[in-house]
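Chemist: missing the sequence, but the structure's below:
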């Protein structure tokens, strides 16, 4: 309780109204756990919407933030900087092939907007092809590619024209992509749309069609990047190399950060064609260096592959009559339910586990990559209690 009311009352009185809030005030986090104001502990199988891939308050990230905050926080990219010069080669080292040009920004939606601009600048074209069930963000360009009508309808007059085709439908995609297409934008695994992995044949067909037409293949790795799927990036499961990649969430170790990455062969973009006041600031770069280094040095990519496979096997072995199918890759798992997901999320929270929806009827698990099998067993036990 504060002088002006409870945390709930203050946020409700002054907040935008844009968010549906759970009646829980979380005030502390450590590792895979978070605590509310009353001191109750929850296992965070949301990773803060996928951001806290290293869990909460990872010591290396916290140390890097603290040290950089005492050194230099704000600096525009019109100046060179040592932390940025440390981050860029590190990013290059984990990206496949020649994906080594980077524009640093502050969020996933910004990364998508930047990716669209890069595609336009590189091709001189305007056409965009995206997938049904896709979610790429809520800014104007990203929203135009986001399929769900409830997000798009209030703003449809403002949105650029986008052709949406069924995800994993190779024939429909090939028919939609033409010499007028600047960008073909897909998630390597659809997250918000229900945790649907992209088929290898589908992503390879997109690559082939883009090569035929000169379109840019843009893959959204905002949720799937940096080890989530059991490889550094989700598109690696299919063996394709995109032209442009949108990155965010786990890249900053918890701080707001995003990046647009494209192939060196495409060259740089022109001066003043894009920009960001906060993009590439030293504080975010220091956090990203610490986060990516920890993911690499702690072997979390391989760990996500092994533990994610074990998690799906254990869930599949349960007698869960309320589940239609289990989908996923690595530590990105979706349980498609026979009913609405909202009551299940509430019941899981009552059991001490926080999870996410993915559409109306899919339960999404995005636990931190540092999670161990004993902790995953807590998630499995809660699901069994609620749905078994």
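Modeler: Okay, I see it. These numbers come from a predicted model, not from an experiment.
Chemist: Name the nearest residue to residue 23, ignoring sequence neighbours.
Modeler: residue 8 (6.7 Å; C-beta to C-beta, 6 or more residues apart in numbering). No exception for glycine: its C-beta is placed from N, CA and C like everyone else's.
Chemist: What is the neighbour count of the one you found?
Modeler: As a burial measure, residue 8 scores 13 neighbours (other C-beta atoms under 10 Å).
Chemist: Check which element follows whichever strand or helix holds it along the chain.
Modeler: For residue 8, the element it lies in under DSSP states H and E is helix 7-14. Following helix 7-14 in sequence order, the next helix or strand is strand 26-30 (DSSP H and E).
Chemist: List of residues touching the next helix or strand after that following strand?
Modeler: Downstream of strand 26-30, the first helix or strand assigned by DSSP H and E is strand 33-36. By C-beta atoms under 8 Å, 6 or more residues apart in numbering, the surrounding residues in contact with strand 33-36 are 24-29, 41-44, 56, 354.
Chemist: next one: stretch 153-171
Modeler: 126-134, 140-141, 143-145, 147, 152, 172-173, 175-176, 186, 190, 193, 196, 198-199, 201-202, 205.
Chemist: repeat that with 7 Å
Modeler: Contacts to stretch 153-171, defined as C-beta atoms under 7 Å, 6 or more residues apart in numbering, come from residues 128-133, 140-141, 143-145, 147, 152, 172-173, 176, 190, 196, 198-199, 201-202, 205.
Chemist: try stretch 125-135
Modeler: Counting by C-beta under 7 Å, 6+ apart, 120, 145-148, 160, 162-167, 176-178, 180-187, 190-194, 196 sit against stretch 125-135.
Chemist: if you set the cut-off to 8 Å instead, what comes out?
Modeler: 116, 119-120, 136, 144-148, 151, 160-167, 173, 176-178, 180-187, 190-194, 196, 215, 220, 359.
Chemist: Just the buried positions in it, please.
Modeler: 125, 127-131, 133-135 (16 or more other C-beta atoms under 10 Å).
Chemist: What of stretch 257-264?
Modeler: Buried residues in stretch 257-264 (16+ other C-beta under 10 Å): 257-263.
Chemist: cool, stretch 363-376 as well?
Modeler: Neighbour-count burial for stretch 363-376 [16+ other C-beta under 10 Å]: 363-371, 375-376.
Chemist: Just the mean pLDDT for that stretch, thanks.
Modeler: If you average the pLDDT over stretch 363-376, you get 98.
Chemist: and if you look at stretch 309-317?
Modeler: Mean predicted confidence for stretch 309-317 is 97.
Chemist: got the contact list for that stretch?
Modeler: Here stretch 309-317 has contacts from 230, 326, 328, 331, 333, 335, 365, 373, 376-377, 379-380, 383, using C-beta under 8 Å, 6+ apart.
Chemist: What subset of those is buried?
Modeler: 230, 326, 328, 331, 333, 335, 365, 376, 379-380, 383.
Chemist: Give me the average confidence score over the helix or strand containing residue 64.
Modeler: Element membership of residue 64 [criterion: DSSP H and E] is helix 59-69. Model confidence over helix 59-69, given as mean pLDDT, is 98.
Chemist: what about residue 162, how many residues close to it?
Modeler: 19.
Chemist: Could you do residue 111 as well?
Modeler: Neighbours of residue 111 (other C-beta under 10 Å): 31.
Chemist: what about it, distance to residue 127?
Modeler: Counting by C-beta to C-beta, to the nearest Å, the gap from residue 111 to residue 127 is 20 Å.
Chemist: Identify the farthest-apart pair in the buried residues of stretch 257-264.
Modeler: Largest separation among these by C-beta to C-beta: 257 and 263, giving 21.3 Å.
Chemist: just the buried members of the contacts of strand 33-36?
Modeler: Buried among these by 16+ other C-beta under 10 Å: 26, 29, 42-44, 56, 354.
Chemist: Dump the residues you listed to TSV, plus secondary structure and pLDDT.
Modeler: Listed next are the buried ones among the contacts of strand 33-36 as TSV, based on DSSP: H, G, I helix; E, B strand; the rest coil; pLDDT from 0 to 100:
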residue	secondary structure	pLDDT
26	strand	97
29	strand	98
42	strand	98
43	strand	98
44	strand	98
56	strand	98
354	strand	98
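Chemist: Identify, from the residues you listed, the entry nearest to residue 346.
Modeler: residue 354 (10.8 Å).
Chemist: Can you verify my assumption that that closest one contacts residue 41?
Modeler: No: counting by C-beta atoms under 8 Å, residue 354 sits too far from residue 41 to count as a contact (10.7 Å).
Chemist: If you count neighbours, what's buried in the helix holding residue 64?
Modeler: So for helix 59-69, counting by 16+ other C-beta under 10 Å, buried means 60-61, 64-65, 68.
Chemist: so can I have a markdown table of the residues you listed showing distance to residue 345?
Modeler: Putting the buried residues of helix 59-69 into a markdown table (distance: C-beta to C-beta, whole Å) gives the following:
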| residue | distance to residue 345 |
| --- | --- |
| 60 | 31 |
| 61 | 28 |
| 64 | 33 |
| 65 | 31 |
| 68 | 36 |
